[in-house]
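Visitor: Pasting a predicted model and its sequence here:
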Amino acid sequence: MYFDFDYYLRLLRHVWGLKQWPGRRRLLLRLVLVTPLATIFHGICFLLDYLLFPRLWTQQVKTPVFIVGHARSGTTLMHRLLAADGERFSYFLYWETLFPSLLQKKLVRWLGRVDSGLLGGFFHRKLKAWDDKTFGPFRHIHNMSLWTSEEDQFAMRAAFVTQQWATDLPVMEVLDLFHLDQMPAKRRRWLHHYRELVKRQLLLNGGNRIHLSKNPVMSGWVGSLIEVFPDARIVVMLRDPAECVPSLLKLVEISWRGRGWQKADYARSLELLLETSFESFHNPAQQLARHAATPHAFVDYRELTAQPRETVHAVYAALGMTVSDTFDQYLQANAEREKSHHSKFEYSLGEYALSGELLEQRLGQFYERYGWSRAAELRAGQRRAAEPHPAEPHAAGGCSPAPDAGDAGDGAPPATAAGR
């Protein structure tokens with residue numbers, strides 16, 4: 001099993017230097033004692049997988065679907081809509097990302113059956129109470145649970161390749177999880193390990209399904225994913241930057257403050273996070289312009305929330321798939337619920353050194369193509385948004401309109417917004 005010793009040592013040195021941080025000793029103990037022991041355990045189980053499950057040697061990863069886009073742009077909504085097509089797709093539940101080995105996952109499932117059959121679900125009820133206590137207070141921001149589909153990049157935490165460190169500590173300048181397309185040495189190792197994780201998850205779910213992935217951080221991995229999975233299909237979610245960019249900054253800042261960090265401690269990381277926000281728009285479009293043969297769809301968040309069924313149909317068509325009657329019935333039955341999809345997470349541009357003019361300057365091509373509100377239209381007052389905020393569809397049919405071909409290379413979506 002792969003382990004990124006480079007990032008491990010970088011973080012260890014960084015934490016060692018945090019002499020004044022109250023959590024330093026506890027995290028050092030975790031890094032020096034817990035992490036090596038957990039890595040050895042996961043590594044042994046990873047090796048046993050090939051001995052105990054020989055089908056793993058021939059398991060293929062065919063035509064995987066990757067949902068990328070800026071965080072808070074509707075990637076979770078799109079992922080969970082597609083995940084409802086259960087006969088087609090395989091995906092990670094959150095608890096499954098905690099156990100990288102197939103042996104571990106099967107053992108946990110067996111323990112669950114024992115608990116249900118012999119103990120009347122006693123431990124499941126205890127775990128459910130813990131789940132509600134731990135994640136419940138934050139579900140107005142992100143609907144998270146051990147039993148919901150989640151970002152499968154989390155499964156790479158045992159390899160010390162996880163964005164979790166960047167939410168616990170302001171270490172954006174120490175650990176870069178985003179720019180994989182610009183890191184050829186790590187690209188090969190990270191994605192070889194990622195493929196191994198996906199193979200195990202596919203085999204856990206029968207072996208004959210399509211892997212479905214949702215990872216905002218993989219907006220910086222699109223070129224690498226296409227290189228390692230040549231038959232990949234990509235869905236790119238797009239949303240008004242004035243809504244999703246400050247939302248992400250606020251979410252991460254809440255996490256840092258909750259762990260005792262002050263603004264001076266995380267100011268640089270916040271700046272770098274803002275830069276990756278802009279790249280989350282540009283990199284998928286640039287990479288798909290270079291790989292025009294890759295089936296893909298650019299999806300406006302407003303269309304997904306206003307016309308979820310029609311939008312999913314359009315995405316399937318763009319990716320060369322057909323919607324089954326069973327899945328279509330699900331989409332029809334749940335369309336109204338998804339149209340009212342919203343939360344009460346509040347933020348504003350004014351909380352950060354972030355203006356509508358700056359967003360337009362850095363993302364002007366996208367403002368033109370998707371008709372997002374300009375700063376001049378919002379200058380009458382500081383808008384506080386309830387997130388997500390569905391609006392009228394700006395083009396019927398689900399996928400975004402095709403922009404001019406001449407702008408494809410500058411970071412805007414390529415000439416075919418949904419193409420093969």
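Guide: Noted; the coordinates are in hand. Numbers count the residues shown, from 1 in each chain.
Visitor: How far does stretch 309-321 sit from its chain's centre?
Guide: Remark: stretch 309-321 is offset 20 Å from the chain centroid, using Cα atoms, centre = their mean, to the nearest Å.
Visitor: Give the buried residues for it.
Guide: Residues of stretch 309-321 classed as buried: 309, 310, 311, 312, 313, 314, 315, 316, 317, 318, 319, 321 (neighbour count, 16 or more other Cβ atoms under 10 Å). (Glycine included, C-beta is placed from N, CA and C.)
Visitor: mind giving me TSV with the residues you listed and columns for secondary structure?
Guide: What follows is the buried residues of stretch 309-321, written out as TSV (DSSP: H, G, I helix; E, B strand; the rest coil):
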residue	secondary structure
309	helix
310	helix
311	helix
312	helix
313	helix
314	helix
315	helix
316	helix
317	helix
318	helix
319	coil
321	coil
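Visitor: which element is residue 330 on?
Guide: helix 325-339 (DSSP states H and E).
Visitor: Tell me the buried residues in the helix or strand following that helix?
Guide: Next helix or strand after helix 325-339 toward the C-terminus (DSSP H and E): helix 356-362. Neighbour-count burial for helix 356-362, counted by 16+ other Cβ under 10 Å, picks out 356, 358, 359, 360, 362.
Visitor: quick one on the thing from earlier: and the helix holding residue 330, what other elements does it pack with?
Guide: helix 75-83, helix 301-306, helix 308-318 (3 or more Cβ pairs under 8 Å, 6 or more residues apart in numbering; DSSP states H and E).
Visitor: the inter-axis angle of it versus helix 75-83?
Guide: 150 degrees (axes from the mean of the first three to the mean of the last three Cα atoms, to 10 degrees).
Visitor: Extract the C-alpha trace of helix 325-339 and format it as PDB.
Guide: C-alpha atoms of helix 325-339 as PDB (Å, rounded to 0.1, in the frame of the first residue of the first chain):
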ATOM      1  CA  ASP A 325     -37.200   3.400 -16.500                       C
ATOM      2  CA  THR A 326     -36.700   2.700 -12.800                       C
ATOM      3  CA  PHE A 327     -34.200   5.600 -12.400                       C
ATOM      4  CA  ASP A 328     -36.500   7.900 -14.300                       C
ATOM      5  CA  GLN A 329     -39.300   7.100 -12.000                       C
ATOM      6  CA  TYR A 330     -37.100   8.000  -9.100                       C
ATOM      7  CA  LEU A 331     -36.200  11.300 -10.700                       C
ATOM      8  CA  GLN A 332     -39.800  12.100 -11.300                       C
ATOM      9  CA  ALA A 333     -40.800  11.300  -7.700                       C
ATOM     10  CA  ASN A 334     -38.000  13.400  -6.200                       C
ATOM     11  CA  ALA A 335     -37.900  16.300  -8.600                       C
ATOM     12  CA  GLU A 336     -39.900  18.700  -6.400                       C
ATOM     13  CA  ARG A 337     -37.900  17.800  -3.300                       C
ATOM     14  CA  GLU A 338     -34.600  18.600  -5.100                       C
ATOM     15  CA  LYS A 339     -36.000  21.900  -6.400                       C
END
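Visitor: for stretch 334-350, what is the average pLDDT?
Guide: The pLDDT scores in stretch 334-350 average 63.
Visitor: Give me the below-cutoff pLDDT ranges for the stretch 1-150 of the chain.
Guide: 141 (pLDDT under 70).
Visitor: What separation do you get for the most far-flung residue of the chain relative to its centre and residue 104?
Guide: Using Cα atoms, centre = their mean, the residue of the chain lying farthest from its centre is residue 118. It sits 36.9 Å away. Remark: distance between residue 118 and residue 104 (Cβ to Cβ, to the nearest Å) = 21 Å.
Visitor: Equivalent analysis for residue 176, please.
Guide: For residue 176 relative to residue 104 (Cβ to Cβ), the value is 29 Å.
Visitor: before we move on, what about residue 333?
Guide: Taking Cβ to Cβ, one finds residue 333 at 35 Å from residue 104.
Visitor: Over to residue 91?
Guide: 18 Å.
Visitor: So those two - more neighbours on which side?
Guide: The residue with more neighbours, out of residue 91 and residue 104, is residue 91; 24 against 20, by other Cβ atoms under 10 Å.
Visitor: I figured that one hits residue 148, correct?
Guide: No - the pair residue 91 / residue 148 is not scored as a contact, 10.2 Å apart, by Cβ atoms under 8 Å.
Visitor: the strands in the protein, which residues?
Guide: 65-69, 89-90, 210-214, 233-238, 296-300, 418-419 (DSSP state E).
Visitor: Go through those strands and name the closest to residue 136.
Guide: strand 210-214 (21.7 Å; Cβ to Cβ).
Visitor: helices or strands up against the closest one?
Guide: strand 65-69, helix 75-83, strand 89-90, helix 184-204.
Visitor: Identify each buried residue in the longest one, please.
Guide: Judged by neighbour count (16+ other Cβ under 10 Å), helix 184-204 contains these buried residues: 186-187, 189-191, 193-204.
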